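> coords please:
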Amino acid sequence: MEMEYLLDTHTFLWFISEPEKLGDRARELLIDGENVLYWSAASQWEVSIKVSLGKLELQDGWQLAFEEERRANFILDLPIRISHCQPTETLPWHHRDPFDRLLVSQAISEDLTIVSKDKYIRLYDVECVW
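Numbering: from 1, shown residues only. Predicted coordinates:
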């Protein structure tokens, strides 16, 4: 049965570079060609900021490499829509990271399950698998 999943930033990074770090369930659903997978513009923005701050080291041309990986793995881009911002206003402050809060809001708005190891994301009223 087809399911729709939103990949947390670390999930995508590990999927393309360190798949051994993925949980068994996460690995299974990522390689199952029946699932619809999404990569949020919020995650792309988060990676860009972390690279610019020196908190994440990636090779030159990483943006193109990410795009090629998403295409090869049939991962769809999820833009940030105004409607995605609304749930953020009423989210409990389990998580202070604005990128993760936006991912939770997107998952709520789009009725998506988040693929994440993040223990704080699991505190929200949103489906989460690992």
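> where along this structure do the strands fall?
According to DSSP state E, the chain carries its strands in the segments 4-7, 36-40, 75-78, 113-115, 128-129.
> Can you list the strands that the third one pairs with?
Partner strands for strand 75-78, per DSSP bridges, with pairing direction: strand 36-40 (parallel).
> With respect to Ala26, which of the strands of the chain lies nearest?
strand 113-115 (5.2 Å; CB to CB). No exception for glycine: its C-beta is placed from N, CA and C like everyone else's.
> Show me what counts as buried in that closest one.
By neighbour count with 16 or more other CB atoms under 10 Å, strand 113-115 contains the buried residues Thr113, Ile114, Val115.
> swap in stretch 56-66?
Phe66.
> Show the end-to-end separation of that stretch, please.
Distance between the two ends of stretch 56-66: 14 Å, counting by CA to CA, to the nearest Å.
> For that stretch, what is the distance to the chain centroid?
Distance, stretch centre to chain centre, for stretch 56-66: 17 Å (CA atoms, centre = their mean, to the nearest Å).
> Now do Thr33: how many residues are near it, please.
One correction, residue 33 is Gly, not Thr. 7 (other CB atoms under 10 Å).
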